[in-house]
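*Asks:* Sequence and predicted structure, then a few things I'm wondering about:
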Amino acid sequence: MVDWAAMSPRTAPPLLAGLQVLATADRSALVAARLLADLGAKVTILEPLGGSPLRTVPPLVGGTGVGWWELTRGATVVAGGDAELAELAQAADVLFDGRSPPRPALSSHPGLISVQLTPFGQSGPRAHWKGGELIVAAASGLLSLVGDPDRAPVRIGGDPLGALTGACAATAACLALLDPARACRQIEVSAQAAAAWATHPTRQLWLLAGQLTRRSGPWRPFGQARRRLIFPCADGYIALHGVLGREWPAFLAWLAEEGQAAPFADPRYAAAAASASLTPGGIDQELVDEVDGKIALFFQRYPKRLLAAEGQRRRIIIFPVNTPSDLLADRQLQARGFFQPVAAPDGQPLQVPGVPARIELGPTAAPPPPRPPTRGQPLAGVRVLDFSWVGAGPLLTLQLAVYGAEVIRIESTLRPDVLRLNPPYARGEPDLEASGYFAPLNASKRSVRLNLSIPAGQALARRLVQRCDVVVESFTPQVMERWGLDYPSLAREAPGIIMLSFSLHGATGPDRAVLGFGTVLSAEAGFAALTGWPDRDPVVPGVPFTDWLAPYAVLPALLAALAQRQRTGQGCYLDCSQLEATLALLREPLLAAQLGLPAERLGNRLAIAGRDLVVPHNVYRCQGEESWVAIACYAEAEWQRLASIVGDPPVAAQAPLPVRQAQREAIDAWLATWCGGRTAE
C-alpha cells in the first residue's frame, strides 16, 4: 500500500531556465511572473518608488502583506519608474506590464516580448476605463450570474479574475516564445475578455434559445426547474451534483443501509428519476423541492467528508464545500506534494501553492524539424491528439487550436462527450452535431471516431500518437492505461511525445479516481466558502467556473515543455489536477488561513478581518428589471470625484478611508438612492 503522506514535496524541472522576466508590481502581472518563475524563469520586479500598495494589504507577515511576499519571493525587487523600467527591459526577454493607466508598449530592444495587462484592452470605447475585481466581474457578465436571486449580484470570493488575467498573460508570453516568426512582440491582455470566457454556456443559451441565465444561489438549473446544489451538513456544507436521475437507485440503496429509505418511497420520485435520466425538461418544480427537502434532512446527520466519500463510493458526485483551512489539510493535496513549505519574512513556515503540474521529463528523440513561420499562428505545425472531454480539457486544447495547432479530437459514438448531449441546440432538437455548448469549445479542431475498447481502435490511436507532438487527456486515472495509451506505453513508441493528463484530482493520490464536474469542483476548491452573504448559505458561480480557470494555470507549463521539445527533442509527462490548477490562482486565501483568518462570505465587501479595504465597494440596483451597477473607489481621488458627482455625501468629500469605513452602511444607502433613480448605463 502506498504511503501517500511520505511522498516528497513537488519540484519541477526548470523548463524556462535562462528566461529573464520583468514585471511591474501589479497583482495580475505578479501572478503571471510567479507562474513562469515556478518553471525556472528568473524574475525582476519593478516597484513604484512610493512602494506597492500590495505591501500593506493584510494579513501581514513580518510587517509585509502576505500576498506581496508570496508573489515576489525569490525575485529581485527594484524601485523606480519609467526610466528604470526601460533600462531593466534591455536585459529582459518578457515584460508583464500591468500599470494603470497603461503606457505605450516598450520597444527597448527587438527581442522583448511586451505583455500589457489592462482592464479593458488598449482600444475601443472603454480602453481608458478603470478596473478592479468587482468592476471586471460586472463588465464581463460574470457578476450577474453569481448570488441569490432575491438580492444583488455578488462577487466571487478570493479575487480569482485578477489571477486569471495573469495566467492568460503568462500563456500569451509562452505562445510568443514558441513563435518561429518572432512576430508576437506586442501583446494585450484584457481582464474583461479573460473573465468573459467563463460566461460561455450562458451566451449560447441566449443566442440559440433566447434563454437568459439568472443567478440561482445554492441551486442549479434542472431542465425547466432547478434543484439544490449546496446542502448544509453536520459540519458545514456539501455540493451535490444530483441524484434525481441515473444515480437514484444507488442513492436509495445508501438510504436503505442507513435505515432512512422510508421518506423516499413515494413512487412519484422513482418516476421522476427515470424521466430525468432521459431528459430533465419536464420535471415538476414542486416535486424537485420536495425531494431536495428530504435530502437535506438526510445530509444534516453526517459530516461533509464522510458524505463525499460515501457518495463517491456509490458513484454519486458529492464534494465537500471546503474552506481554505480544509484545503491545507486535504489528504489528496498532501499526498501529491502540492503545497510547498517556505519560510516567511518573520521565520515562520508557511505552505504556498506549488507548480500546478507534476512534471516528469521523458526520453529524447531527434528534435522536430523547424516549423515554418506563420504570422499570427505561433503553434502552426504543432499537432495535438486530444482525448479530453466535457469542459476543462477541451478549453485547454481550444487555446492550442486557435493559435495554429492542428488539434485532432478522438471521440466515440458509443459514449459521446456529454456536452454533445447538452442544450441549446442549433436547430432546436437534440442532435450530436448541433450542441451550442459543445461546438464553441471544439471549434478549429478535427475529429476522429475510434472505438478504444477494442485492439484495432487502440492500434489506430497509437499510430496517430506517432505523428503528433502533444497528447492531452482528461479521463479518470487508469483509463488510458487500460487502453495501452498511458505515458510510459506511448513514450516507448514515440520517445519525444509530450502528454498532459488533466483529471479532477490528478493521476496519483488516494482520491485520484473521484468523479465530478466543474460545477461542484468550484465548491471543493474553496470558492463557495468565500462567496455569498454572511446570513445565507454559500453559493457557487453560476457556471462551472473551474473549467474556465484551471486550463490557463497549466497552459504555461505545457507550452514550456513544447518549447524544450523543439530545442532538444525531449518528451515530457505533465500530470495536472484541475483542483491544483485552480488553487494556483487562489493563493491569498490559503495564506490568510494559515495566519488565523477564517474564511468569510462578505457579499460585495472587500474586507479582511472585519476591516474594509475599499469603501464604497458594492453593487446597486438601478431602474429597470435586473439592472445593477458596480461602484468601487480604490483611491482617495476616486472617492472625491464620486462625492462631487452624486452630491451631499454622508461624509465629507475629503474623508479618508478610516472615516468611510465607519460610515460604510450610510454610504451604501446614499448610493443606493442615487442609483435607483437612474439607468445602469
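*Replies:* Structure received.

*Asks:* just so I have it, where are all the strands in the stretch 401-550 of the chain?
*Replies:* In order along the chain, the stretch 401-550 of the chain carries the following strands (DSSP state E, counting those that start in this stretch): 406-411, 445-449, 470-473, 498-503.

*Asks:* so which of those is the most packed in?
*Replies:* Most buried of the strands of the stretch 401-550 of the chain, by mean neighbour count (mean count of other CB atoms under 10 Å): strand 498-503, with a mean of 26. Heads up, the C-betas are built off the backbone N, CA and C, glycines and all.

*Asks:* pull the CA atoms of it into PDB?
*Replies:* The C-alpha atoms that make up strand 498-503 are tabulated as PDB, following Å, rounded to 0.1, in the frame of the first residue of the first chain:
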ATOM      1  CA  ILE A 498       4.500  15.300 -24.600                       C
ATOM      2  CA  MET A 499       1.500  14.100 -22.700                       C
ATOM      3  CA  LEU A 500      -0.700  16.200 -20.400                       C
ATOM      4  CA  SER A 501      -3.300  14.400 -18.200                       C
ATOM      5  CA  PHE A 502      -5.900  16.700 -16.800                       C
ATOM      6  CA  SER A 503      -8.200  14.800 -14.400                       C
END
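
*Asks:* Tell me the strands beside it, with direction?
*Replies:* Using DSSP bridges, strand 498-503 pairs in its sheet with strand 470-473 (parallel), strand 570-577 (parallel).

*Asks:* closest to W129 out of the ones you listed?
*Replies:* Of all the strands paired with strand 498-503, the one in closest proximity to W129, counting by CB to CB, is strand 570-577 (34.8 Å).

*Asks:* Could the C-alpha coordinates of the helix or strand just after the closest one be exported in CSV?
*Replies:* Once strand 570-577 ends, the next helix or strand along the chain (criterion: DSSP states H and E) is helix 578-583. Presented in CSV, the C-alpha positions along helix 578-583 are these (Å, rounded to 0.1, in the frame of the first residue of the first chain):
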residue,chain,number,x,y,z
GLN,A,578,-7.9,20.6,-12.1
LEU,A,579,-8.2,21.2,-8.4
GLU,A,580,-4.5,22.1,-8.0
ALA,A,581,-4.5,24.3,-11.1
THR,A,582,-7.4,26.2,-9.6
LEU,A,583,-5.7,26.7,-6.3
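
*Asks:* after helix 578-583 comes which helix or strand?
*Replies:* Tracing the chain past helix 578-583, the next element assigned as helix or strand by DSSP H and E is helix 587-594.

*Asks:* Touching that next one from outside, list them.
*Replies:* Residues outside helix 587-594 that contact it (CB atoms under 8 Å, 6 or more residues apart in numbering) are 59, 66-67, 70-71, 157-159, 163, 323-325, 327-328, 339, 350-353, 526, 530, 583, 599, 608.

*Asks:* Adding mean pLDDT and distance to A652, write the strands of the stretch 401-550 of the chain out as CSV.
*Replies:* Formatted as CSV, these follow (pLDDT from 0 to 100; distance: least, CB to CB, whole Å):
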stretch, mean pLDDT, distance to A652
strand 406-411, 97, 59
strand 445-449, 96, 59
strand 470-473, 98, 58
strand 498-503, 98, 54
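
*Asks:* among those strands, which is nearest A669?
*Replies:* For those, distance to A669 was read as CB to CB. The smallest value, 47.1 Å, belongs to strand 498-503.

*Asks:* show me what contacts the nearest residue to D537 once chain neighbours are set aside?
*Replies:* Ranked by CB to CB, 6 or more residues apart in numbering and with sequence neighbours excluded, the top spatial neighbour of D537 is P218, at 4.7 Å. Listed by CB under 8 Å, 6+ apart, the contact set of P218 reads 148, 228-231, 537-540.

*Asks:* Let me know the secondary structure of the residue nearest to W533 when sequence neighbours are not counted.
*Replies:* Spatial nearest neighbour of W533, chain neighbours left out: G603 (4.9 Å); criterion: CB to CB, 6+ apart. When the structure is split into helix, strand and coil by DSSP: H, G, I helix; E, B strand; the rest coil, G603 lands in coil.

*Asks:* same thing with Q260?
*Replies:* coil.

*Asks:* what's around it, how many residues?
*Replies:* Burial of Q260 is recorded as 15 neighbouring residues (other CB atoms under 10 Å).

*Asks:* Now the residue nearest to it when sequence neighbours are not counted: phi and psi?
*Replies:* The spatial neighbour of Q260 that comes closest, neighbours along the chain excluded (CB to CB, 6+ apart), is F298 at 5.6 Å. When read as degrees, to the nearest 10, the backbone of F298 gives phi -70, psi -50.

*Asks:* Would you confirm that F298 contacts L252?
*Replies:* No - using CB atoms under 8 Å as the test, F298 is too far from L252 to be in contact (11.5 Å).

*Asks:* partner residues bridging the closest residue to A33 other than its chain neighbours?
*Replies:* Across the structure, with CB to CB, 6+ apart as the measure, the residue nearest A33 apart from its sequence neighbours is A23 (3.9 Å). According to DSSP bridges, I45, F96 are recorded as the beta-bridge partners of A23.

*Asks:* Would you mind measuring from A23 to A507?
*Replies:* 32 Å (CB to CB, to the nearest Å).

*Asks:* So which residue is dead centre in the protein?
*Replies:* Ranked by distance to the mean C-alpha position of the chain (CA atoms, centre = their mean), the top residue is L549 at 1.9 Å.

*Asks:* That one and E47, how far apart?
*Replies:* Taking CB to CB as the criterion, L549 is separated from E47 by 28 Å.

*Asks:* Ok, R462 next?
*Replies:* Shown here: R462 relative to E47, a distance of 52 Å by CB to CB.
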